[in-house]
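Undergrad: Structure for the following, please:
(2 chains)
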Amino acid sequence: MKQLFIAFVVLTLGLLAFSTYQALFVAPTEQTMGEVQRIFYYHVPSAWTAGVCFFVNFLTSVVYLWKRNLASDALAAASAGVGVMFCTIVLITGPIWARPVWGIWWTWDARLTTTLVLWLIYVSYLVLRRFSAGGQTQVLAAALAIFGFVDVPIVYMSIRWFRTQHPSPVMGGGENSGLDPAMLHAFFWNLAAFTCVGIVLMVVRYRLQMLEEKVEATHAAAALQGGAQ
Amino acid sequence: MTTLSVTRTTLLKDLRMEWRSKDAINSMLFFALLVVVIFSFAFNPTAEESRRIAGGLIWVAFLFAAVVALNQTWARELRNQVLDAYRVSPAPANALFLAKAIGNFFFVVVLEALMAPLFVVFYDLRSVGPVWQLIVVALLGTWALVVNGTFFAALSIRTRSREIMLPLILFPISIPALLAMVDATTSILTGEASPDFWIKMLAVYDLVFTAVCLLLFESVLNAE
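TA: The predicted structure is shown next:
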């Protein structure tokens, strides 16, 4: 199992190197936006990976409430942490791109605002995990995870209505106007690489979480034994 | 013991305790009053401006004030291990939750009824749209805040630094509800747009989250 994981890490690193090369050197420079468009190869794959992580978090939280097994809670904790990290990357790379292209750092548009609220919800999830005591953490966190996941579509719907009612700032250069094949190529390599990085980080965090549980259980058992004597 | 009778008993007990002590309502009222005064100094609006920003001011004031009451919801049940006793009793968990949520709903609605005249006086408010719609928005919006707030208060009561924890987990989830309340209120006050979408949206939010709360409360109550 361990060898398999190491092999996967090596594969991921290779993939990341190759995809970075593709994004920075092979993919053609965009005509109107210039070099800054290359941030797209990091921005979108990060958003995708964050989405995958939050979905895993939701699924494992439901499984935890149902089965009450430590493993699914550990995976929920791991995926939320990794998801918040990728979501942070999205929120940082977005404005860096938006400033030269849109002329503004930030706009309260549906997708941007939903991402920000998503980030806020999962940060509050991590805060709750940190602040809750002992054996209750898992149930409380799983409940909040379900609330957060249910909230996301409502947030998106409400903000879309909010913004379509009001005039929105100039939005140029959406990437849905068809991508050059060379760009698409680089994009997919990056998508694959980022997904693999996300998986590697989740597995590492998961194992760390399980080890922490084990250490805590050992301490508790030792304390109990000490008390008995 | 049916859900209905447990809910009624718990609710009446809470209302009676509140009637005798007036802890929650007094602290909420004074807090909301302070927010009104401070906002008035901070923005110093004219009648026209205040109609435009009042939706935001009113609901932010009520949201902050509601947190004061919500934080006290479960605190009094922790003393004398009432919650533990409840857990081992055969009474349905959701009955307790509903009683607490309805109680909080009642407190916050009373607060709103008492504060509304003050807002009118201090901000020189006059509604262009129909006033009865404001009442619908207030009822739906208050339930949206209170149902999640009661649930999250039950979560945060089990954490360290519980008083701070509640707003931290309640506010992010409440963002769409707050947006709907503020926008509906502003639409009615200025009479410029129809609040219909926001009212429907609040109704959907209420239904969805009431269902989620009822679904999950038992697990949270019995969390070890």
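Undergrad: pLDDT wise, what is the nearest residue to residue B:43 once chain neighbours are set aside at?
TA: By the measure of Cβ to Cβ, 6 or more residues apart in numbering or on different chains, the closest residue to residue B:43 outside its immediate chain neighbours is residue B:53, 6.6 Å from it. The C-beta positions use only the backbone N, C-alpha and C, and glycine is treated the same way. Residue B:53 carries a pLDDT value of 83.
Undergrad: ok, which residues in chain B are in contact with chain A?
TA: B:148, B:151-152, B:155-156, B:158-161, B:165, B:168-169, B:171-173, B:175-176, B:179-180, B:183, B:193, B:197, B:201, B:204-205, B:208-209, B:212, B:216, B:219-220, B:223-224 (Cβ under 8 Å from any Cβ of the partner chain).
Undergrad: residue contacts, the residue most central in space within chain B?
TA: By Cα atoms, centre = their mean, the mean C-alpha position of chain B lies nearest to residue B:146, the distance being 3.6 Å. With contact set as Cβ atoms under 8 Å, 6 or more residues apart in numbering or on different chains, residue B:146 has these partners: B:66, B:70, B:101, B:104-105, B:108.
Undergrad: One more pass at 7 Å, please.
TA: Residue B:146 makes contacts with B:66, B:101, B:104-105, B:108, as judged by Cβ atoms under 7 Å, 6 or more residues apart in numbering or on different chains.
Undergrad: Would you list the buried entries among the residues you listed?
TA: With neighbours counted using 16 or more other Cβ atoms under 10 Å in any protein chain shown, those contain these buried positions: B:66, B:101, B:104-105, B:108.
Undergrad: Closest one of those to residue A:224?
TA: residue B:101 (39.0 Å; Cβ to Cβ).
Undergrad: shouldn't the closest one be in contact with residue B:149?
TA: No: the pair formed by residue B:101 and residue B:149 falls short of the contact definition of Cβ atoms under 7 Å, at 8.5 Å.
Undergrad: Would you state the helices of chain B in chain order?
TA: Using DSSP state H, the helices found in chain B span residues B:3-21, B:23-43, B:47-73, B:75-78, B:82-88, B:93-123, B:131-156, B:162-190, B:196-221.
Undergrad: wait, which of these is closest to residue A:225?
TA: helix B:82-88 (26.9 Å).
Undergrad: Show me what the closest one packs onto, helices and strands only.
TA: Contacts defined by 3 or more Cβ pairs under 7 Å, 6 or more residues apart in numbering or on different chains; DSSP states H and E place helix B:82-88 against no helix or strand at all.
Undergrad: Pull out the buried residues from that helix.
TA: Quick answer for helix B:82-88 (16+ other Cβ under 10 Å): B:83, B:86-87.
Undergrad: Would you convert those residues into JSON lines that also reports distance to residue B:121 and pLDDT?
TA: Listed next are the buried residues of helix B:82-88 as JSON lines, based on distance: Cβ to Cβ, whole Å; pLDDT from 0 to 100:
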{"residue": "B:83", "distance to residue B:121": "42", "pLDDT": "84"}
{"residue": "B:86", "distance to residue B:121": "43", "pLDDT": "85"}
{"residue": "B:87", "distance to residue B:121": "47", "pLDDT": "86"}
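Undergrad: from those residues, which single one is nearest residue A:96?
TA: Nearest to residue A:96 among the buried residues of helix B:82-88, with distances taken as Cβ to Cβ, is residue B:83, at 49.1 Å.
Undergrad: Does the closest one touch residue B:76 like I think?
TA: No: with contact defined as Cβ under 7 Å, residue B:83 does not reach residue B:76; the gap is 10.2 Å.
Undergrad: Overlap of the contact sets of those two?
TA: With Cβ under 7 Å, 6+ apart, residue B:83 and residue B:76 have no common neighbours.
Undergrad: for residue B:145, what are its contacts?
TA: Per Cβ under 7 Å, 6+ apart, neighbours of residue B:145: B:63, B:66, B:174, B:177.
Undergrad: Return the list of helices and strands in contact with the worst-scoring helix or strand of chain A on mean pLDDT.
TA: Using mean pLDDT, DSSP states H and E, helix A:137-165 stands out as the lowest-scoring helix or strand of chain A, at a mean of 83. Under the contact criterion of 3+ Cβ pairs under 7 Å, 6+ apart, helix A:137-165 touches helix A:40-67, helix A:70-102, helix A:110-131, helix B:131-156, helix B:162-190, helix B:196-221.
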